Each structure stands twice: as structure tokens, then as C-alpha cells.
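1. Provided below for reference: sequence and predicted model.
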Amino acid sequence: MLRNETYIGKARYNSTKSIVPVHPIKKEKYKRIKKTSRMIRPKEEWLYAPVPAIISEELYNSARAKLENNLKFSARRKKYEYLLTGLVKCTCGRNCAGEAAQGGKHLYYRCADRIYSYPLKPTCKQPPINARVVDTLVWQGVSKFMSDDSLLKEQAALWCERNTDRSNYDSHIINNIRGDLDKAKNEEERYVKAYGAGMLSLEQLQQHVQGVKAKISSFEAQLGDKGSQLKDLQATAPEESEIDNFALLAKQTLLDLSFESKKAILQNVVDKVVATQKEVLIYGYLPIEENIDVALCSIHRNHRPPKCRQIHTL
């Protein structure tokens, strides 16, 4: 349910196609049906049909984000703790994994290309970076940014400007999709009128209308996606007084935090850290709206139903 869009009212089809298997299990000389494997089509070719929704799209997206975070930050069998677990990326695009030397005396972040390329030689030649140095630099940079009201106001102004440009562009795209949707509905109506006038048989009507209905479903799904994106872009920026209060609270709170608290803050505000031995680039954002957090509330040792609660991310 957490990965199937049918439960939010979007039943998809035409998402796969038949292909000839690259590595067939049975290598026979003759096969009556050659295309015995399936391959996922590009998402642009998927067709959607509206169905009754069981859960809201907001809850579905929150659950998917929670699943991705669990996959990214789940506790694994590790011997040493790293502040930036799951956040450090190499310049080649691969993730960086923690690596210890001399029994944990020295900790490093090293590109995982050597793991994915094994038994071949790794293609990435980036040397490992000192984990303690990177952890310290990233935490200092994030805490300084969160406690500096002038930087926060500057970024808030840039955020509003970018969102205005993107919302204008998305509004133009939505208008184009609505135009295509109206054309498809008019086409369906013309086929029905032609059938009523006796110009088409029932089989011909069904054949023509089936493709038109698929286009209508696709356009409606695109409208829903673009509409939700436009709604996110139209969020209002915080006022200057709210930014001042947040910066003051950050100054008082970020001075003395535990390792786990620092780690939780970085996982919430940092998307990725691209680090080399010469520079460290931090990519992330501060959420400014209320969102839905999906958690498990245990009421019995064999019963853990999901529970939703509103949490202000700031």
C-alpha cells in the first residue's frame, strides 16, 4: 500500500512492455514466443485511470518520504558512529561509506565505487577524507547559518524569488495540459455523436474511445501532479520576526547538543554533502511549513498501528 499509487486514486497501466530476454534461463533454439521478459517503460509513457482513493495523497507522500529516510538512515551493523551517515557524496556521484583505520583512531569517508566495481578496479580516484574534520566543518557551517538572522533573511528572499519564477512556469504548463485535456474530451464527445448518428459501429466506437480515455486519464494525472507542485511553491515565506525568533532560539539551543541530536538535525536539514580534501559543499534547506510525520505508536507488544501527528518543523 505504501508504494502503490492505486490507493490514492491513480491506477496505472502500460507501465511495462515485452522484450526478448537478455540472459534467458532456457537457451532453446526455437521459441514460439520470443518476448518472454518484461521491462518498465519510461514514466512519461505510463497511463493512469482514476479510481476511488483509500488514503490521501499527502499521507501517501509522507509515508514514501519516511520509507526513503528509513532506507537512507537505518541503523546498520556498524562499529563506529559517523555524524553524516548517508549524507556524504563523492564528486563522481557515488555515496561515501565510513571506513576506520588503526582500530578506530582515524575515521574516513571513502567513495563506495570500489564496492560497486568489484572485482574490477574502481574508476573513481578520489582519496578518502577525514570524517572528524568534515563532521566538524559541516556542523559549524549549518549551526552558523541557522543562528544568523541576516543569512536566513537573504535566503528567504531568494527562495521567494525562485518560487515565483517556478510557479509562473508551472502555471503555463498547467494551462497547456488543460487545453490538451479539453481537446481530448471534445474528441470523445465527437465519437459518441458519430455513434449516435449511425456513422460508427459499437466496436469502432469502443476502439476509438479506448485510446481517448487513456489520454484523458494521463492528462488528469499530470494535472494532479503539477497542481500539487504548484501548491507547494505557493507557500508563504516566514516573516522577519519569525526568522529573528528562530535565529535567537538556534543560538541558545545549538551550543550544547548531544551527538544524536546533532545527527537528527543534520538529517532533517541537509540533503547531501559533497566533500573533497580541499572543499566541502553542503546542500539542504530549512523547512518552513507544517508537515505530517508518520510514526508508529505501540499500544500492544504485537500491535503497532501507524499514527499521524502535526509537527512544526522549525
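-> It's in. Computed from a predicted structure; not experimentally measured. Numbering: from 1, shown residues only.
2. all helices in the stretch 201-314 of the chain, in order from the N-terminus.
-> Using DSSP state H, counting those that start in this stretch, the helices of the stretch 201-314 of the chain run over 202-233, 240-253, 259-269.
3. Now the ones you listed in CSV, please, with extra columns for mean neighbour count, distance to V88 and mean pLDDT.
-> Where C-beta positions appear, they are placed from N, C-alpha and C, glycine not excepted. As requested, those are exported to CSV (neighbours: other CB atoms under 10 Å; distance: least, CB to CB, whole Å; pLDDT from 0 to 100):
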stretch, mean neighbour count, distance to V88, mean pLDDT
helix 202-233, 16, 27, 79
helix 240-253, 14, 24, 85
helix 259-269, 15, 11, 87
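4. Among these, single out whichever gets nearest to N186.
-> Closest to N186 of these is helix 202-233 (CB to CB; 9.8 Å).
5. Could you list every helix and strand that that closest one packs against?
-> Counting contacts by 3 or more CB pairs under 8 Å, 6 or more residues apart in numbering; DSSP states H and E, helix 202-233 packs against strand 47-50, helix 149-196.
6. let's go with 10 Å and repeat that
-> strand 10-13, strand 47-50, helix 57-73, helix 149-196 (3 or more CB pairs under 10 Å, 6 or more residues apart in numbering; DSSP states H and E).
7. What angle do helix 57-73 and that helix make with each other?
-> 70 degrees (axes from the mean of the first three to the mean of the last three CA atoms, to 10 degrees).
8. okay, the angle between helix 202-233 and helix 149-196?
-> With the same axes, to 10 degrees applied, the angle from helix 202-233 to helix 149-196 works out at 170 degrees.
9. Can I get the helices of the stretch 201-314 of the chain in TSV including distance to N4?
-> Output for the helices of the stretch 201-314 of the chain, formatted as TSV (distance: least, CB to CB, whole Å):
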stretch	distance to N4
helix 202-233	15
helix 240-253	38
helix 259-269	27
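10. Ok, which of those helices comes nearest P52?
-> P52 lies closest, by CB to CB, to one member of the helices of the stretch 201-314 of the chain: helix 202-233, at 14.4 Å.
11. Figure out how far the closest one is from the centre of its chain.
-> 23 Å (CA atoms, centre = their mean, to the nearest Å).
12. if we can go back for a sec, including mean neighbour count, distance to V269 and mean pLDDT, could the helices and strands packed on helix 202-233 go into a markdown table?
-> Below are the helices and strands packed on helix 202-233 laid out as a markdown table (neighbours: other CB under 10 Å; distance: least, CB to CB, whole Å; pLDDT from 0 to 100):
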| stretch | mean neighbour count | distance to V269 | mean pLDDT |
| --- | --- | --- | --- |
| strand 10-13 | 16 | 31 | 84 |
| strand 47-50 | 18 | 34 | 83 |
| helix 57-73 | 14 | 13 | 81 |
| helix 149-196 | 14 | 12 | 84 |
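13. what sits against the residue located most distally from the centre of the chain?
-> In the chain, counting by CA atoms, centre = their mean, G198 sits farthest out from the average C-alpha position, at 50.2 Å. Counting by CB atoms under 10 Å, 6 or more residues apart in numbering, G198 touches no other residue.
14. now for the helices of the stretch 201-314 of the chain, which one comes closest to C92?
-> For the helices of the stretch 201-314 of the chain, distance to C92 was read as CB to CB. The smallest value, 22.5 Å, belongs to helix 259-269.
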